[in-house]
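> no sequence on this one, just coordinates:
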């Protein structure tokens with residue numbers, strides 16, 4: 001890491017952004033440049049985790065306008081474990097999980113709106129609209145991934161019926177909510193960490209808040225192309241379905257339907 005972490009004596013203001021790179025050097029360089037150009041007034045600190053060896057991003061000639069910390073993993077870690085370690089000592093008021101394949105829009109700085117939403121009473125997680133490379137809205141808002149819901153979505157091609165969770169490509173949480181949840185459940189190595197986090201937030205009485213902010217999410221799910229990622233995805237789904245969080249969520253949903 002190229003800079004010491006923030007100390008607990010620093011004021012609890014601002015936003016810390018966690019980005020994890022798995023060889024996404026070009027995408028990370030672009031995203032950091034966009035953060036520096038358009039979000040310097042919102043972002044206080046960025047923690048970039050290199051999960052595999054790769055070159056360090058080049059800073060602008062004038063330097064990064066936010067505090068920049070770079071972590072190099074000796075051994076690759078899972079999605080949740082990387083973000084948990086990046087955000088474990090956060091003293092900022094808000095924390096952000098941001099994918100390297102997200103792009104910001106020059107006409108809309110998203111983090112001001114996201115922090116405003118996350119600061120609202122009862123909000124556990126704020127998120128923007130996610131657009132694809134063609135400008136269409138992605139399916140980032142999802143219902144509980146039960147076997148029945150997955151059958152309706154994947155086989156019958158039916159639309160989502162409600163929003164039980166959102167993907168973690170770009171989410172902002174109050175630090176208090178992040179700490180209350182203990183971050184991501186690291187039992188999920190890859191996939192379903194965001195499902196579990198959102199379900200736990202909602203079980204704690206906190207809501208997921210969509211904002212008017214927009215970002216581009218240009219990546220494609222690796223589990224649709226690579227067998228290893230598909231195996232990780234299936235394992236995570238099985239773990240989710242066996243979890244107490246999932247059973248409790250289903251129990252609440254069943255009780256609501258019986259009323």
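Received it, and whenever you're ready, just let me know what you need. These numbers come from a predicted model, not from an experiment. Numbering: from 1, shown residues only.
> Next one: residue 30, what pLDDT does it get?
Per-residue confidence (pLDDT) for residue 30: 97.
> Identify the residue spatially nearest to it, adjacent ones excluded.
Counting by Cβ to Cβ, 6 or more residues apart in numbering, residue 103 is the residue found nearest to residue 30 once chain neighbours are left out, at 7.0 Å. For every residue, glycine as well, the C-beta is placed using N, CA and C.
> Could you check the pLDDT of residue 103?
Residue 103 carries a pLDDT value of 96.
> ok, how many other residues are close to it?
By other Cβ atoms under 10 Å, the residues close to residue 103 number 16.
> For it, name its beta-bridge partners.
Beta-bridge pairing for residue 103 (DSSP bridges): residue 216.
> By mean pLDDT, which helix or strand of the chain comes out lowest?
helix 147-154 (a mean of 80; mean pLDDT, DSSP states H and E).
> what sits against the most centrally placed residue in the chain?
Nearest residue to the geometric centre of the chain (Cα atoms, centre = their mean): residue 168, 2.8 Å. Contact partners of residue 168, counting by Cβ atoms under 8 Å, 6 or more residues apart in numbering, are 79, 97, 99, 193-194, 197.
> next one: residue 185
Counting by Cβ under 8 Å, 6+ apart, residue 185 touches 80, 193, 196-197.
> Closest one of those residues to residue 114?
The shortest approach to residue 114 among those belongs to residue 197, at 16.1 Å (Cβ to Cβ).
> neighbours of that closest one, just the number please.
Neighbours of residue 197 using other Cβ under 10 Å come to 29.
> and whichever strand or helix holds it, how far out from the chain's middle?
Residue 197 is part of helix 193-203, with elements assigned from DSSP states H and E. Taking the mean of its C-alpha atoms, helix 193-203 sits 12 Å from the chain's own mean (Cα atoms, centre = their mean, to the nearest Å).
> repeat for stretch 17-32
Its chain's C-alpha centre lies 14 Å from the corresponding centre of stretch 17-32 when counted by Cα atoms, centre = their mean.
> Show which residues not belonging to it make contact with it.
With Cβ under 8 Å, 6+ apart, stretch 17-32 has contacts from 35, 43, 45-52, 54-55, 57-58, 64, 76, 79, 82-83, 86-87, 95-104.
> can you pull out the helices in this protein?
25-38, 79-87, 111-118, 147-154, 175-181, 193-203, 227-242, 244-258 (DSSP state H).
> so how far is residue 35 from residue 24?
Residue 24 sits 14 Å away from residue 35, going by Cβ to Cβ, to the nearest Å.
> Compare those two (neighbour count), which wins?
residue 35 (23 against 20).
> Where does pLDDT dip in the stretch 51-200 of the chain?
Within the stretch 51-200 of the chain, no stretch falls below the threshold (pLDDT under 70).
> now do 90
Across the stretch 51-200 of the chain, the ranges flagged by pLDDT under 90 are 106-108, 133-135, 138-139, 147-162, 189-190.
> how near is the nearest residue to residue 181 once chain neighbours are set aside to residue 112?
Nearest residue to residue 181, sequence neighbours excluded (Cβ to Cβ, 6+ apart): residue 200, at 5.4 Å. Applying Cβ to Cβ, the value for residue 200 to residue 112 is 27 Å.
> who's more crowded, these two?
residue 200 (21 against 15).
> And the more buried one, how close does it get to residue 185?
Going from residue 200 to residue 185 by Cβ to Cβ gives 8 Å.
> again, but for residue 177
15 Å.
> what's the answer for residue 55, then?
32 Å.
> Over to residue 108?
32 Å.
> Over to residue 212?
30 Å.
> Surely residue 68 is in contact with residue 44?
No: assessed by Cβ atoms under 8 Å, residue 68 is found out of contact with residue 44, at 10.9 Å.
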